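A.B. asks: have a look at this prediction, sequence included:
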Amino acid sequence: MTAKEKLPGSIPASNAHSFNARESWRVFGIMAEFVEATERLNAIRPAVSIFGSARTPSDHMYYMLTERIARLLSDAGFAVISGGGPGIMEAANKGAYFGKSPSVGLNIQLPMEQGANPYQDISQTFQHFFARKFMFVRFASAYVVMPGGFGTLDELLEAMTLIQTHKSRSIPVILVHRPFWQGLLDWFRERLVTERMINPEDLDLIQVIDEPEDVVEAIFKHYETRGFLPLPDEHELMLNL
């Protein structure tokens with residue numbers, strides 16, 4: 001036995017072939033998730049992705065605010081995409097479900113919290129977070145970000161990073177309920193801008209809007225001189241996301 005074979009956590013040579021085969025099949029599974037989801041979601045645009053906490057109860061103001069925003073977006077012609085679970089995700093799907101446009105849930109298999117809500121016209125389940133997150137970005141004409149935890153912050157910061165680095169097209173990123181977000185925005189300004197971690201104009205990527213009707217108006221205003229679908233150069237950009 002060589003010194004390398006004695007290292008803790010090393011894969012015995014006898015198991016290496018089996019491990020590599022499993023890894024190869026896993027890649028095919030990931031590809032299948034991308035292909036299936038892309039085929040199912042291609043026809044839903046224009047769409048708005050709504051993010052927020054899975055832990056928000058149905059009698060909370062955040063839930064009711066989200067449901068109202070989603071209903072207005074749906075009636076205005078936007079499919080609404082959420083994570084498909086409870087809380088804010090359920091509120092987004094519920095508002096859209098009773099509106100005129102499709103309610104889409106991109107569900108994730110988790111050991112806790114996630115269970116598909118019943119308000120979905122189109123329901124797609126993922127095993128891998130990155131495949132699911134790609135679909136949120138790929139098909140959204142805008143992001144509406146409600147109060148939430150780590151997952152919500154992850155989606156927000158990834159969206160901002162993709163737009164900032166020009167890996168994704170520029171679309172509205174709207175934070176709802178200023179009292180919740182103000183501390184984070186102040187920290188962005190006082191720490192990230194002051195210490196030159198980001199440029200001051202990077203904060204212009206975000207809008208903060210409190211009223212549901214104003215959310216819809218801001219999205220229409222962004223697209224008033226163009227259509228909602230990606231322009232040719234944006235389409236090429238999204239193919240290389």
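C.D. replies: Sure, I can see it.
A.B. asks: for this structure, which segments count as helices?
C.D. replies: 3-6, 13-41, 61-75, 88-97, 129-138, 150-164, 178-187, 212-222, 232-239 (DSSP state H).
A.B. asks: Gln127 touches Glu33, doesn't it?
C.D. replies: Yes - if you go by C-beta atoms under 8 Å, Gln127 and Glu33 touch, sitting 6.8 Å apart. In this view, the C-beta of every residue, glycine as well, is placed from N, C-alpha and C.
A.B. asks: before we move on, the earlier item: which one of the helices of the chain lies closest to Ala54?
C.D. replies: Closest to Ala54 of the helices of the chain, according to C-beta to C-beta: helix 88-97, at 6.2 Å.
A.B. asks: how far is the closest one from where the chain is centred?
C.D. replies: Chain-centre distance of helix 88-97: 14 Å, with C-alpha atoms, centre = their mean, to the nearest Å.
A.B. asks: mind giving me the packing neighbours of that helix?
C.D. replies: When contacts are defined as 3 or more C-beta pairs under 8 Å, 6 or more residues apart in numbering; DSSP states H and E, helix 88-97 sits against strand 47-51, helix 61-75, strand 79-82, strand 103-108.
A.B. asks: hmm, 6 Å instead?
C.D. replies: Helices and strands touching helix 88-97, by 3 or more C-beta pairs under 6 Å, 6 or more residues apart in numbering; DSSP states H and E, are helix 61-75, strand 79-82, strand 103-108.
A.B. asks: turn the ones you listed into TSV, columns for mean pLDDT, distance to Arg178 and mean neighbour count.
C.D. replies: Formatted as TSV, the helices and strands packed on helix 88-97 follow (pLDDT from 0 to 100; distance: least, C-beta to C-beta, whole Å; neighbours: other C-beta atoms under 10 Å):
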stretch	mean pLDDT	distance to Arg178	mean neighbour count
helix 61-75	98	12	22
strand 79-82	97	22	30
strand 103-108	92	27	24
